[in-house]
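Novice: give the three-dimensional model of this entry:
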Amino acid sequence: MKKISIMNQKGGVGKSMVASQFAFYCALKLNLRVLFVDLDQQGNSTKVLRSSGLAKQSAKTAGQLIYNGGTIPEKDEFLIVGADPLLAHLESEGKASYNKFIKNFYLTLNEIKENYDICIFDTSPTPDVRAVCALALSDYAISPIELNQEALDGVQALYKDIEKVQAINPELNFLGLLPNRVVSNPFQKENLRDLVLAYGKILLKGSDGKAVCIPSRSAISEAQAQGRPVWTGDKSTAEKVWREIRRVFEALAQAMRLESRAVEIIIKEE
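Specialist: As a prediction, this is how the structure comes out:
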């Protein structure tokens, strides 16, 4: 089971959208067995995936499993471990509890690692124990970022947080920054140019070596609000938007060395 954290220490950059739509892509386009863990107490990803009717939600919540440990009782091809209010209170236990929380989470996931091909963590928008737990157990991390000055100013701090966790988890591979909600206007073009000049080496890149990004499209927001994959819905609009963003998910899959899982079809004789 490969594990990836969708992370940024700033809220409102589209982490939940990237996390939930990438989960749809892995489950439906690559036919992978997907475990989704929502560590953001707002539970936006939980709502999207649950309302889609495509994933099953576990009776156990992420907060319960980090705080108390335990077993995930369900086994499903596409399973959500949903957010809960307890997540917001974990940090109040203090840094002395970090090791216990990480161990609890590790033991839970290790028990079911053979049941899934990929585990996707949607993390909290603050660098607290939830983000540390996810990154400490992840093989990969990706950071959505918006092209405004505040977000650009926070890139250096974000990268330092990654380096700190890599001291705990040297297997963590940072796949890079992913510009999101990109608008084709002079201001954002200038910011994108600055981002490429300063951090070009850590931008997520496609197979052609060029940086990939997600454009600002109302169809993406609508898909999230309606709890469905972005390539569904109105056919002409969905196809156009999907052509624009599929390179992002293909780049992630390639970087993680994910391969489509073959399905054995059994034809019963009459």
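
Novice: this structure: helices as residue ranges?
Specialist: 15-24, 44-52, 62-68, 98-111, 129-137, 149-153, 155-168, 186-199, 218-226, 235-255 (DSSP state H).

Novice: among those helices, which is nearest residue 2?
Specialist: Closest approach to residue 2 among the helices of the chain (Cβ to Cβ): helix 235-255, 10.3 Å. (Each C-beta comes from the backbone N, C-alpha and C, glycine too.)

Novice: need the contact partners of the closest one.
Specialist: Residues from elsewhere that reach helix 235-255 (Cβ atoms under 8 Å, 6 or more residues apart in numbering): 4, 21-22, 25-26, 29-30, 140, 142, 175, 178, 204-207, 212-215, 217, 219-220, 230-232, 258.

Novice: repeat the analysis, applying 6 Å as the threshold.
Specialist: 22, 25, 175, 204, 206, 212, 214-215, 217, 219, 230-232 (Cβ atoms under 6 Å, 6 or more residues apart in numbering).

Novice: cool, and stretch 109-127?
Specialist: Residues contacting stretch 109-127 (Cβ under 6 Å, 6+ apart): 1-7, 9, 11, 16, 19, 23, 26, 32-40, 45, 72, 75, 130-131, 134, 161.

Novice: now, of those residues, which are buried?
Specialist: Among the contacts of stretch 109-127, those classed as buried by 16 or more other Cβ atoms under 10 Å are 1-7, 9, 16, 19, 23, 26, 32-40, 45, 72, 130-131, 134, 161.

Novice: and the contacts of stretch 109-127, which of them are in strands?
Specialist: Among the contacts of stretch 109-127, DSSP state E puts 2, 3, 4, 5, 6, 34, 35, 36, 37, 38 in strands.

Novice: what's the least confident stretch among the helices of the chain?
Specialist: For the helices of the chain, the bottom mean pLDDT is recorded on helix 149-153, which sits at a mean of 69.

Novice: for the ones in strands among the contacts of stretch 109-127, give me JSON lines that also has distance to residue 194.
Specialist: What follows is those, written out as JSON lines (distance: Cβ to Cβ, whole Å):
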{"residue": "2", "distance to residue 194": "32"}
{"residue": "3", "distance to residue 194": "32"}
{"residue": "4", "distance to residue 194": "27"}
{"residue": "5", "distance to residue 194": "26"}
{"residue": "6", "distance to residue 194": "24"}
{"residue": "34", "distance to residue 194": "35"}
{"residue": "35", "distance to residue 194": "37"}
{"residue": "36", "distance to residue 194": "34"}
{"residue": "37", "distance to residue 194": "34"}
{"residue": "38", "distance to residue 194": "33"}
